[in-house]
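Trainee: sharing a sequence plus its predicted fold:
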Amino acid sequence: MTSAPPNAPPTPPPNGPLVEVREVEKFYRRGTETVHVLDGIELEVQAGEFLALMGPSGSGKSTLLNLIGGLDRPTRGTVRVADKRIDRLSDRQLAAWRSRHIGFVFQLYNLMPVLTAERNVELPLLLTRLSRAQRRRHVQLALHVVGLAHRTRHFPPQLSGGEQQRVGIARAIVTDPTVLLCDEPTGDLDRKSGDEVLDLLQALNREFGKTIIMVTHDPHASARASRTVHLFKGQILAEAPL
């Protein structure tokens with residue numbers, strides 16, 4: 001990797017962590033039953049950190065990721081990212097905030113099969129005021145960063161699973177987000193392809209200073225992170241620097 005993502009890394013907030021989760025609870029009503037998903041979560045993530053969230057199915061790790069990414073709201077507590085209280089934003093404000101600050105990487109890639117790799121990567125840029133030429137330059141650079149400059153015109157069915165996930169990562173970084181959120185990014189890949197994706201995430205973190213929060217159940221994947229947080233039944237059990 002010899003190039004940087006489209007823009008310089010975001011400036012971290014002047015004081016404190018990049019991500020702050022304080023006394024967060026999340027529960028749902030199911031008829032007369034209350035289902036508690038998160039219970040009093042306290043979490044800080046520093047700018048430039050690579051954090052793994054681990055825990056069994058139902059532990060609340062994906063819910064916590066969605067709260068940090070502004071896809072969901074806490075029932076109680078506060079969520080602050082880059083010094084912005086996102087739990088106070090309206091739906092419209094939150095959508096605009098996500099487009100500027102959050103890049104998502106999904107387990108099942110979520111690519112449009114009728115669009116080429118470059119068109120899939122371009123999708124988040126369609127919400128910006130960039131010209132077509134500017135969008136094209138950003139897309140080319142993002143695909144170069146993930147090692148797929150030679151596959152720009154290929155459609156997802158023509159790509160391997162690992163290549164599709166790298167297209168997904170290119171789409172996530174093309175806007176130069178403040179935080180990259182990865183939900184089981186290697187969960188649908190074989191070990192070799194998974195290792196290639198983890199190598200890429202580590203490079204984005206170490207070489208480009210990207211802040212990454214990754215949900216995983218795989219100790220092999222979490223070993224790539226700089227810190228691991230363990231969740232169980234909606235609570236943080238331990239933090240283990242690696």
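Mentor: Okay, I see it. Numbers count the residues shown, from 1 in each chain.

Trainee: ok, now which ones touch the residue most central in space within the chain?
Mentor: With distances taken as Cα atoms, centre = their mean, residue 181 lies nearest the centre of the chain, 1.2 Å away. For residue 181, the contact set (Cβ atoms under 8 Å, 6 or more residues apart in numbering) comprises 65, 68, 69, 102, 103, 104, 105, 212, 213, 214. Placement of C-beta: from N, CA and C, glycine included.

Trainee: any idea which element the residue nearest to residue 152 when sequence neighbours are not counted lies in?
Mentor: Excluding the flanking residues, the one nearest residue 152 by Cβ to Cβ, 6 or more residues apart in numbering is residue 118, at 4.2 Å. Per DSSP states H and E: residue 118 is located in helix 117-122.

Trainee: which SS class is residue 28?
Mentor: Following DSSP: H, G, I helix; E, B strand; the rest coil, residue 28 is assigned to strand.

Trainee: would you confirm that it contacts residue 37?
Mentor: Yes: using Cβ atoms under 8 Å, residue 28 is in contact with residue 37, at 6.9 Å.

Trainee: between these two, point out the one with more neighbours.
Mentor: Legend: neighbour count by other Cβ atoms under 10 Å for residue 28 and residue 37, higher for residue 37 (20 against 11).

Trainee: tell me the contacts of that one?
Mentor: Taking Cβ under 8 Å, 6+ apart, one finds 26, 27, 28, 60, 63, 234 in contact with residue 37.

Trainee: the fourth one against residue 40, yeah?
Mentor: By that I understand residue 60. No: Residue 60 sits out of contact with residue 40 when judged by Cβ under 8 Å, with a separation of 11.2 Å.
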